[in-house]
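S.K.: Okay, sequence plus prediction incoming.
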Amino acid sequence: VLLCSKRMDRPSFLGSTLPNDLLAALRVLPDIPQPVTRKMLPIILAHLSNPAHEDISSLQADVTTLQKDNDAALAPKIPVAFTGLLYILKMAIKSRISIESFQTDLNEIKVPATVITDLATVLKKSRTPLEASALSHTLRYPTLSGLKWRVDVIISSSLLSRVLTPTITMQMTSSDGRVRTFEVAPEKFHELRYSVAKVLKDMDDLDQLAILKIDK
């Protein structure tokens, strides 16, 4: 299901297509009493505070307890609503959306007003520690932190008395502290310089587009 928005300045923090789990939650949320949804939120916050924790048995136990505390007609809807609320808060933390935009996006997909208010309150109070937790558990690859290069010229070799062949020696340092040294042919080095210059020029051209100059 595509999410159509009247906004032209930014996409929804939920993405252009709503997942089936969220669509299912939207159908049952109006039937969940506010006291029940409020009991779900601390459980969700505890889970988001430790996203690397692989054992979800305690999470399942908490949801099962909520089901047992409510009547038989409401019990099957609780896990569905819980999954939807978990997804909403997880995406909000990931996108770092403002509270105002968060409420606007949820209102557009017909989330009940009482649920929007409770979610916005929780997000406002717990955003900083949740973002820090998500960042600390994010899988990251090393990035380039330093690059040096020099030109070496082979004047002669054991076979030839006069060679004068230039080679490029490069030293790359990554963010994990590893240092790699390697040689690059002059032709490939010129290709690298051209590619970097082209990317910088393309980025500058994109930055000049009027559609990207939106006041925030």
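M.R.: Arrived safely.
S.K.: Please name every helix or strand in contact with the biggest helix by length in the chain.
M.R.: Scanning the chain for the longest helix, with DSSP state H as the assignment, gives helix 113-136. Applying 3 or more C-beta pairs under 8 Å, 6 or more residues apart in numbering; DSSP states H and E, one finds that helix 113-136 contacts helix 34-49, helix 77-95, helix 99-108. Backbone N, C-alpha and C define where each C-beta goes, glycine included.
S.K.: highest average neighbour count across these?
M.R.: Of all the helices and strands packed on helix 113-136, helix 77-95 has the most neighbours on average by mean count of other C-beta atoms under 10 Å, namely a mean of 20.
S.K.: Show the secondary-structure elements that that one is packed against.
M.R.: helix 20-28, helix 34-49, helix 57-68, helix 113-136.
S.K.: so how far is the longest helix of the chain from its chain's centroid?
M.R.: Centroid separation between helix 113-136 and its chain, computed with C-alpha atoms, centre = their mean, to the nearest Å, is 15 Å.
S.K.: quick one, it and helix 77-95 angle?
M.R.: Angle between the axes of helix 113-136 and helix 77-95 is 50 degrees (criterion: axes from the mean of the first three to the mean of the last three C-alpha atoms, to 10 degrees).
S.K.: what's the angle from helix 113-136 to helix 99-108?
M.R.: Angle of helix 113-136 versus helix 99-108, following the same axes, to 10 degrees, is 130 degrees.
S.K.: Flag every buried residue along helix 113-136.
M.R.: By 16 or more other C-beta atoms under 10 Å, the buried positions in helix 113-136 come out as 115-116, 118-120, 122-123, 126-127, 130, 133-134.
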